[in-house]
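Asker: no sequence for this one, just the structure:
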Ligand code: CO
């Protein structure tokens, strides 16, 4: 059997099992999507948003890219964010990075990755912004872990800088922003940063005409 066909087989089994356990499963989900969470995670196949958070279909709106970035010119991210905040009215946005992230590791090298360089450069910028924090850190793994954590914090700040989030903060005091790091070693999520509508954001980034 061709490898990919097992995915179709698995799907058939899953669909059958879902209805067996809960006959209304699909009819209930078919007409309504009402998730409370937006997840911005890494594309890494080892960090599946729903599995590691124990959430079911319908509970979590997901955007994934290399190294869980919030890039202001990324129309894909912005569309997902706008839809999640304005239409789905999510209460929480989670940026979840992970230790051992290949995207962050790539940013710490001088290798030429072709078109991926343009994406990875955003991570190099995080390093440049916080280079003092790396002083005295010589262990390669410790340096990478540090950048992984700083990157998550920076991406949460990037969310706060968007007019989408600021508008919702002003009108509805949501969403709450969370920065998490998932550990591939033990499967545990470590919350490292959070931010709400009352928290400080450099005034230069705050829009006054929302
Ligand atoms: Co990654």
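Answerer: Yep, that arrived. Keep in mind the model is a prediction, meaning the values are calculated, not measured.
Asker: Reduced to three states, what does residue 193 come out as?
Answerer: strand (DSSP: H, G, I helix; E, B strand; the rest coil).
Asker: can you pull the contacts of residue 148?
Answerer: Residue 148 sits next to 97, 98, 99, 101, 104, 181 when contact means C-beta atoms under 8 Å, 6 or more residues apart in numbering. C-beta: built from backbone N, CA, C; applies to glycine.
Asker: Check the offset of the helix or strand encompassing it from the chain's centre.
Answerer: For residue 148, the element it lies in under DSSP states H and E is helix 140-160. On the basis of C-alpha atoms, centre = their mean, to the nearest Å, helix 140-160 sits 12 Å off its chain's mean C-alpha point.
Asker: List the buried residues in it.
Answerer: 144-160 (16 or more other C-beta atoms under 10 Å).
Asker: Show me which residues of this protein are close to the ion?
Answerer: Contacts of the chain with the ion, taken as C-beta under 5 Å from the ion, map to 42, 44, 101, 103.
Asker: Show me those that map onto helices.
Answerer: Members of the residues of the chain next to the ion lying in helices (criterion: DSSP state H): residue 103.
Asker: Top of the residues of the chain next to the ion by number of neighbours, please.
Answerer: Within the residues of the chain next to the ion, most neighbours by other C-beta atoms under 10 Å means residue 101, with 26 neighbours.
Asker: Does that residue touch residue 44 like I think?
Answerer: Yes - counting by C-beta atoms under 8 Å, residue 44 is a contact partner of residue 101 at 6.7 Å.
Asker: mind checking the SS state of residue 189?
Answerer: When classified by three-state DSSP, residue 189 comes out as strand.
Asker: Sorry, slip of the keys, the one I care about is residue 113.
Answerer: Going by three-state DSSP: residue 113 is coil.
Asker: Use 654 as the first number for this chain going forward.
Answerer: Happy to do that; since the first residue is 654 now, the last one works out to residue 766.
Asker: Contacts only, for it.
Answerer: The contact partners of residue 766, by C-beta under 8 Å, 6+ apart, come to 759, 773.
Asker: Let's see that with 6 Å instead.
Answerer: Each residue near residue 766 by C-beta atoms under 6 Å, 6 or more residues apart in numbering is listed here: residue 759.
Asker: Just the pLDDT at it, thanks.
Answerer: Per-residue pLDDT puts residue 766 at 96.
Asker: Residue 851 too?
Answerer: 94.
Asker: Just give the closest residue to residue 838, not the sequence neighbours.
Answerer: What sits nearest to residue 838 in space, not counting adjacent residues and going by C-beta to C-beta, 6 or more residues apart in numbering, is residue 752, at 7.0 Å.
Asker: I meant residue 836, not that one.
Answerer: Closest to residue 836 by C-beta to C-beta, 6+ apart is residue 752, at 5.3 Å.
Asker: got the residue ranges for the strands in this protein?
Answerer: Under the criterion DSSP state E, the chain contains strands at 690-695, 713-718, 745-751, 829-836, 841-848.
Asker: Please render those as JSON lines that adds mean pLDDT and distance to residue 771 to the earlier fields.
Answerer: Below are the strands of the chain laid out as JSON lines (pLDDT from 0 to 100; distance: least, C-beta to C-beta, whole Å):
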{"stretch": "strand 690-695", "mean pLDDT": "98", "distance to residue 771": "17"}
{"stretch": "strand 713-718", "mean pLDDT": "98", "distance to residue 771": "13"}
{"stretch": "strand 745-751", "mean pLDDT": "98", "distance to residue 771": "20"}
{"stretch": "strand 829-836", "mean pLDDT": "98", "distance to residue 771": "24"}
{"stretch": "strand 841-848", "mean pLDDT": "98", "distance to residue 771": "26"}
